[in-house]
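Novice: just the structure for this:
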Amino acid sequence: MQRPAELKKALRAKMIALLKAITKERRMRAKEAAVSFLLQQLHAYPTIFSFSSRPFELDLWKLNATLAEQTRLALPRVEGEHLQFYLVRDLESDLVLSSLGIFEPIPSRCQKINATDKCCILIPAIVFDATLHRLGNGKGHYDRFLHECPAKRYGVGFMEQKVDGLIPTEDFDERVEELFFF
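Specialist: Presented below is the predicted three-dimensional model:
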């Protein structure tokens, strides 16, 4: 019988291939729907902890740009084994491409911020299931961050990222509280 880590690895590879196959037109429709819906849905939160999308993920650049203009955007930076979030005011000058291929805040240009129960966090994943579990990239950065995070947790992605079955889980895996698919 396969261990959860092996099952996760196989599911991750299958789902990344599926995500990479999503058409440009489908991606554009999903991006526009996400921006419109999320700006309306999250209007009451003074700070939104978002993420910089990788090429196969739902593109949140336009949403993040709007939140930055409103001084409501926090983005993560991987520091060691942990995520640290920073307030970002200008996507063009406050971010740098990391070794992981993700745009991250430049600490000298952005202020560190901690999550509170008055903010929310948009959480990426490779796949989500009906029990609100997520499968990320396998590094555990979000699981460690979410373990002590009091913010409202929203999983965000393409409709194709929801599976009917259950994702293999381990004790350290953290759930989201609600899912938004586009």
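
Novice: spatially central residue in the chain, please.
Specialist: residue 124 (2.6 Å; C-alpha atoms, centre = their mean).

Novice: hmm, it is touching residue 154, no?
Specialist: No: Residue 124 is not in contact with residue 154 according to C-beta atoms under 8 Å; the separation is 10.6 Å. C-beta coordinates here come from the backbone N, C-alpha and C atoms, glycine included.

Novice: so the nearest residue to residue 125 once chain neighbours are set aside, which of the three states?
Specialist: Excluding the flanking residues, the one nearest residue 125 by C-beta to C-beta, 6 or more residues apart in numbering is residue 134, at 3.7 Å. Following DSSP: H, G, I helix; E, B strand; the rest coil, residue 134 is assigned to strand.

Novice: what's residue 134 in contact with, if anything?
Specialist: Contacts for residue 134 (C-beta atoms under 8 Å, 6 or more residues apart in numbering) come out as 123, 125, 126, 127, 128, 142, 155, 167, 173, 174, 175, 176.

Novice: excluding chain neighbours, give the residue nearest to the last one in space.
Specialist: Nearest-residue entry for residue 176: residue 155, 3.9 Å, with adjacent residues in sequence omitted and distances by C-beta to C-beta, 6+ apart.

Novice: pLDDT score for that neighbour?
Specialist: Predicted confidence (pLDDT) for residue 155: 98.

Novice: swap in residue 37?
Specialist: With respect to pLDDT, residue 37 scores 98.

Novice: most neighbours of all the contacts of residue 134, which one?
Specialist: The residue in the contacts of residue 134 with the most neighbours, by other C-beta atoms under 10 Å, is residue 123 (26 neighbours).

Novice: what segments of the chain are helices?
Specialist: Along the chain, counting by DSSP state H, helices occupy 4-20, 24-41, 61-69, 91-94, 141-147.

Novice: nearest to residue 115 among those would be which one?
Specialist: Proximity to residue 115 (C-beta to C-beta) singles out helix 141-147 among the helices of the chain, at 8.1 Å.
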